[in-house]
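In: sequence and predicted structure are below.
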Amino acid sequence: MKRIARNKGPLYIRIAESLTRQMEQGALRAGDRVPSLRRLSREQRVSVSTALQAYLLLENRGYLEARPQSGFYVCTPSSTSIPEPEPEAGRPAAVLGTAGVLTSMMEAARDPSHVAFGPASGSPELFPHRKLNLILQRVVRSQPLHSASYDFPPGVESLRRQIARRSTSMGCAFGPRDVTITTGAADAINLSLRTVARAGDVIAVESPTYFGIVGIAASLGMKVIEIPTHPQEGMDLSELKRSIREHRVKVCVTMTNCHNPLGFVMRDEHKQALVELTSRSGVVLIEDDIYADLAFAETRPRTAKSFDKDGSVILCSSFSKVLVPGYRIGWVAGGRFRAEIERLQLLTTLAAPSLQQHVLAEFLESGGYDRHLKRLRATLASQVEQIRQAAGKYLPEGTRISLPAGGYVLWVQLPGKINALQLYQAALAEHISILPGTIFSPTGRYKNYMRINCGHRWSEDHDRALLTLGRLCDRTLGRSWSQV
């Protein structure tokens, strides 16, 4: 096999692309066995680990299949293979053009005539409103002065105690005093960034990443650099290491569990390596763990924070995506940065709402939260798969769709000729909201990608909406529906 030139992109991606070209040219055909890991590592002069990364990437894309005790074999990729990562590492940049998209998305979300594939939110019937309202009534009766004064940082002690009790399931062991209650996860991330970085500092994020993180960093005058991210393995650590060295990265923001928009749960070894790299380099790691309770596996995944040995990892989360969006209650385990986070909170939001904290504390203590999560995870896993299958049926040939390990969003790579921003605008005219991939990148990448929300119960309206999206894509590709 011809050795790949070391020019652009992570090495394992370049190796994978070289093998893909051999398949396209017929040198490797369906059923052929590809070189063993040791042989590939010798030929490419790379580690066995890098060779394995290349093969795992091709397996995820659907180009290879692993056969027990035999190795990897070529197979034909399906139309619903996992989206390909964009290999180039980013440079510090500002946010580009998300305001208009987000404004129209929020307007569509308030319009009941729209099919809301855009905002990452669940159907109201998925949340235990009746039980929460009963608890709220009890709190109002038993504590009539519940909101007569501020619950200054760190927040209501009973809620912090319940969050701390759950820390063992995250692989951590922090106490109530280590937790600060915030006004949602966005507030937690905002406070964390302001605590450890200043205007002009460079922030490393996954690519793609949740647009809210990019927006917060930009609003604080910080520069954002994109790190290529594998759709199942997570952030490319070799590229992160290079960027730390070349761009003097101050902070790295990551979502290791049920990533938005990719949906992966990072392997524990990768989390540990990420923490060791950032700690060794003097980089603070801010972990957004907002979707982790929605992992489809029976056991909640560990956090990167669980591998923290020097207090350099700040853990942020909230109840907005899993329990009750309108309460706007989040939290942050700030470690050695806790005191400064609380000082900044006093200067900005002053305190988180009191009544909601008391209600959530009682709900968690009663065991209702765990029972709710068990049902919710099963429901969401079913909904995600239903929409994934329908999208694979209606969207054009060549479409690639993520295979989430949790959460309720799908990341969709459309054929290269399709501009997702134009598709987004055309879909709005049909009362369908999606999110174009460009808003998940500070430099406007992912022009032919989109994110689809699967948080709403499947219905005929959703089926028709995906059918319409497929027709809009075919119109862009110059095909009539009868040709499909």
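Out: Thanks, I have the structure now.
In: and the gap between residue 475 and residue 427?
Out: Residue 475 sits 12 Å away from residue 427, going by CB to CB, to the nearest Å. From N, CA and C alone the C-beta is placed, and that goes for glycine too.
In: same check on residue 25?
Out: 37 Å.
In: then residue 214?
Out: 23 Å.
In: next one: residue 224
Out: Counting by CB to CB, the gap from residue 224 to residue 427 is 27 Å.
In: equivalent analysis for residue 309, please.
Out: Distance, residue 309 to residue 427, by CB to CB: 47 Å.
In: looking at the two, which one has more neighbours?
Out: In this view residue 309 and residue 427 are compared by other CB atoms under 10 Å, and residue 427 has more residues nearby, 24 against 9.
In: so what's the closest residue to the more buried one other than its chain neighbours up against?
Out: Leaving aside its chain neighbours, residue 427 sits nearest to residue 434 (5.5 Å; criterion: CB to CB, 6 or more residues apart in numbering). By CB atoms under 8 Å, 6 or more residues apart in numbering, the contact set of residue 434 is 117-118, 420, 423-424, 427, 450-452, 469.
In: inside helices: which ones of those?
Out: 420, 423-424, 427, 469 (DSSP state H).
In: report all helices and strands that whichever strand or helix holds residue 343 contacts.
Out: Taking DSSP states H and E as the definition, residue 343 sits inside helix 338-347. Counting contacts by 3 or more CB pairs under 8 Å, 6 or more residues apart in numbering; DSSP states H and E, helix 338-347 is packed against strand 179-182, helix 184-196.
In: so what touches it?
Out: 152-154, 178, 180, 182, 187, 191-192, 194-195, 314, 332, 334, 351.
In: what about residue 374, how many residues nearby?
Out: Residue 374: 11 neighbours (other CB under 10 Å).
In: buried ones in the strand or helix carrying it?
Out: In this structure, residue 374 sits in helix 368-394 according to DSSP H and E. Neighbour-count burial for helix 368-394, counted by 16 or more other CB atoms under 10 Å, picks out 368-369, 372-373, 376-377, 379-381, 383-384, 387-388, 390-392, 394.
In: with stretch 315-327 instead?
Out: 315-325, 327.
In: export the residues you listed to CSV and tack on pLDDT and distance to residue 294?
Out: Output for the buried residues of stretch 315-327, formatted as CSV (pLDDT from 0 to 100; distance: CB to CB, whole Å):
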residue, pLDDT, distance to residue 294
315, 98, 17
316, 98, 16
317, 97, 12
318, 96, 12
319, 96, 12
320, 93, 12
321, 94, 7
322, 94, 6
323, 92, 11
324, 88, 14
325, 89, 14
327, 92, 17
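In: residue ranges with poor pLDDT in this protein?
Out: In the predicted model, the chain carries pLDDT under 70 at residues 1-9, 24, 60-61, 68-69, 76-82, 84-99, 108-109, 478-484.
In: give me phi/psi at the nearest residue to residue 196 once chain neighbours are set aside?
Out: In space, and not counting its chain neighbours, residue 196 is closest to residue 284: 4.4 Å by CB to CB, 6+ apart. Backbone torsions for residue 284, taken as degrees, to the nearest 10, come to phi -80, psi 140.
In: residues contacting residue 284?
Out: By CB under 8 Å, 6+ apart, the contact set of residue 284 is 196-197, 250-252, 278, 312-314, 337.
In: could you do residue 205 as well?
Out: 213-214, 217, 224-227, 252-254, 442.
In: which members of those residues are the farthest-apart pair?
Out: Distance extremes for the contacts of residue 205: the farthest pair is 254 and 442 at 15.3 Å, using CB to CB.
In: residue 31 against residue 65, yeah?
Out: No. Judged on CB atoms under 8 Å, residue 31 makes no contact with residue 65 at a distance of 10.1 Å.
In: can you list residues touching both of the two?
Out: Between them, residue 31 and residue 65 share the contacting residues 73, 75, judged by CB under 8 Å, 6+ apart.
In: neighbour count: those two, which is higher?
Out: Remark: of residue 31 and residue 65, residue 65 carries more neighbours, 12 against 9, as counted by other CB under 10 Å.
In: ok, what's across the strand from that one?
Out: Bridge pairing for residue 65 (DSSP bridges) gives the partners residue 73.
In: let me know whether it touches residue 56 as I believe.
Out: No. The pair residue 65 / residue 56 is not scored as a contact, 11.7 Å apart, by CB under 8 Å.
In: if anything else comes up later, I'll come back, but that's it for now.
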